[in-house]
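S.K.: here is my input; please provide its structure:
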Amino acid sequence: MRRRDESPDDCTCRARRPLTPGARPHPGARAGLRLPRLFRAAAMLAALLAAAALAAWAQGREAGDAPVADEAEDVETLTGFRVGVRVDLVSLYASVVDKDGRFVPGLEQSRFRVLEDGVEQRLETFSREDVPVSIGIALDLSGSMHGKIGQVNRAAMAFIQAGNPDDEFFLVGFNDDVELLQDYTGDHDELQDALENTVVAGKTHLYDAVYLGVEKAQKGNKPKKALVVITDGADDTSYYRLKELLAKIQESDVQVFCVGFLDEAPKKGIFGRWSNSEAKKYSDALASISEDTGGKVFFPKTAADVHAIVAEIANDLRSQYSLGYISSNLARDGAFRTVKIELTGKKTDMKIRHRRGYFAPGP
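M.R.: Numbers count the residues shown, from 1 in each chain. Model prediction:
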């Protein structure tokens, strides 16, 4: 990772802020693009037909009608232009557990209610199946992990073996830098070799590792994306700040699960309030990173506890409900929209974990 006091030329193959290329005029604009009159008229007709198709689709949704798949082909036949109405499906994965933390199977679609910014949405897709996942495992390789790394590596391998046979994995190690130890693969031998060759030293660039891990997970080929982070230290001078990391997570559809070893338990002060300790800040940061994505945070007492935790994460990813809806808010404004999933019907002690929101498409 590049520190803030380094110049871009001082670091190679390290994380950097996304570069925004300078605005360049469209090639046609430079040439003073002039369309033939007939072509302009045809383009205008195509735009009008697209607007009419969108209006008809919206009216059909209000009346409860299913979208018509052949509208674009009909327009193409009449005009010679391919006209489509872009519809964005919002996909959510929900984990439902009972009061004892056990996953609840067999719930019907009618039990789920989805609200976007307080407005109920109509579900278009619903299933509960074990879909393949693109999964990243980010391992803390700082010096303080020296006595734990053996147990952690064995737990990581057990997690990999407990997944769907079609899952794909990548491994990231982080200390003073963030390094891709193994790119996407389903080959367990390659993953095993990468784990066996880890070396612990240095500090903990936690936020950088999560930021880059989320970026990498988003590029996976599987329908579901996840990142598992195992660390024993608070962040130490990462390039990215926590606020920037949380914004990145909100933009993604990656579920983040954090496993954090706490050397110091948060204590209450003389007035009954939690002390503002480093451990408290650390645990709050990991909770924010996980819970915003529908993931979960764990605080094991010993390295041996990691085995049971990663088994629970593997079971979580394979036991989720998949829900999809088309937002009733058609504005393409790039705004953040909050999402809430509720269970209807008989009152129970069941709890739901899911992604808390998403950013709408831009113009």
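S.K.: make it CA atoms for all contacts and neighbour counts henceforth
M.R.: Will do.
S.K.: quick check: closest non-adjacent residue to Val178.
M.R.: Ala209 (5.8 Å; C-alpha to C-alpha, 6 or more residues apart in numbering).
S.K.: contacts only, for the one you found.
M.R.: If you count contacts by C-alpha atoms under 8 Å, 6 or more residues apart in numbering, Ala209 has them with Ala138, Val172, Gly173, Phe174, Val178.
S.K.: next, format these as a markdown table and append neighbour count and secondary structure.
M.R.: Shown next, in a markdown table, are those (neighbours: other C-alpha atoms under 10 Å; DSSP: H, G, I helix; E, B strand; the rest coil):
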| residue | neighbour count | secondary structure |
| --- | --- | --- |
| Ala138 | 27 | strand |
| Val172 | 24 | strand |
| Gly173 | 27 | strand |
| Phe174 | 27 | strand |
| Val178 | 25 | strand |
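S.K.: which members of the residues you listed are the farthest-apart pair?
M.R.: Comparing all pairs in the contacts of Ala209 by C-alpha to C-alpha, the longest separation belongs to Ala138 and Val178, at 9.2 Å.
S.K.: what about Lys340, how many neighbours?
M.R.: Lys340 has 18 neighbouring residues, counting by other C-alpha atoms under 10 Å.
S.K.: my bad, Glu168
M.R.: Neighbours around Glu168, by other C-alpha under 10 Å: 23.
S.K.: that one bridge partners, please.
M.R.: Ser134 (DSSP bridges).
S.K.: distance of it from Val306?
M.R.: According to C-alpha to C-alpha, to the nearest Å, Glu168 stands 21 Å off from Val306.
S.K.: if we can go back for a sec, what do Ala138 and Val178 both touch?
M.R.: Val172, Ala209.
S.K.: and the strands in this protein?
M.R.: Taking DSSP state E as the criterion, the chain carries its strands at 89-97, 112-116, 119-121, 123-127, 133-140, 168-174, 178-185, 224-231, 254-260, 297-298, 321-326, 336-343, 351-353, 357-359.
S.K.: return the most buried member of those strands.
M.R.: strand 133-140 (a mean of 27; mean count of other C-alpha atoms under 10 Å).
S.K.: the strands of the chain into CSV, with extra columns for distance to Phe103?
M.R.: Formatted as CSV, these follow (distance: least, C-alpha to C-alpha, whole Å):
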stretch, distance to Phe103
strand 89-97, 4
strand 112-116, 16
strand 119-121, 25
strand 123-127, 15
strand 133-140, 19
strand 168-174, 24
strand 178-185, 29
strand 224-231, 18
strand 254-260, 17
strand 297-298, 17
strand 321-326, 11
strand 336-343, 14
strand 351-353, 10
strand 357-359, 23
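S.K.: out of those strands, which gets nearest to Glu215?
M.R.: Of all the strands of the chain, the one in closest proximity to Glu215, counting by C-alpha to C-alpha, is strand 254-260 (8.9 Å).
S.K.: can you tell me the strand partners of that closest one and which way each runs?
M.R.: In the sheet, strand 254-260 lines up against strand 224-231 (parallel), strand 297-298 (parallel) (DSSP bridges).
S.K.: which one, of these, ends up nearest to Tyr321?
M.R.: The nearest among the strands paired with strand 254-260, by C-alpha to C-alpha, is strand 224-231 at 11.6 Å.
S.K.: and the contacts of that closest one?
M.R.: The contact list for strand 224-231 (C-alpha under 8 Å, 6+ apart) reads 131-140, 145, 152, 206, 210, 213-214, 217-218, 253-261.
S.K.: tell me how far Asp232 lies from Ala311.
M.R.: To Ala311, Asp232 is 19 Å away according to C-alpha to C-alpha.
S.K.: the two: who's more crowded?
M.R.: Taking other C-alpha under 10 Å, Asp232 and Ala311 do not tie; Asp232 has more neighbours (23 against 18).
S.K.: circling back to that earlier point, Ala279 is nearest to which of the strands of the chain?
M.R.: Of the strands of the chain, the one closest to Ala279 (C-alpha to C-alpha) turns out to be strand 254-260, at 10.4 Å.
S.K.: put the alpha carbons of that closest one into PDB.
M.R.: Only the C-alpha atoms of strand 254-260 are listed here, as PDB (Å, rounded to 0.1, in the frame of the first residue of the first chain):
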ATOM      1  CA  VAL A 254     -19.900  -8.500  -1.300                       C
ATOM      2  CA  GLN A 255     -20.700 -10.100   2.100                       C
ATOM      3  CA  VAL A 256     -17.900  -9.500   4.600                       C
ATOM      4  CA  PHE A 257     -17.300 -11.800   7.600                       C
ATOM      5  CA  CYS A 258     -14.700 -10.700  10.100                       C
ATOM      6  CA  VAL A 259     -12.900 -12.800  12.700                       C
ATOM      7  CA  GLY A 260     -11.100 -10.600  15.200                       C
END
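S.K.: chain center to that strand: distance?
M.R.: Mean-position distance between strand 254-260 and its chain equals 10 Å (C-alpha atoms, centre = their mean, to the nearest Å).
S.K.: helices of the stretch 201-350 of the chain, start to end?
M.R.: Under the criterion DSSP state H, counting those that start in this stretch, helices of the stretch 201-350 of the chain are mapped to 206-218, 242-251, 278-291, 306-318.
S.K.: out of these, which gets nearest to Phe103?
M.R.: With distances scored as C-alpha to C-alpha, the stretch of those nearest to Phe103 is helix 306-318 (7.7 Å).
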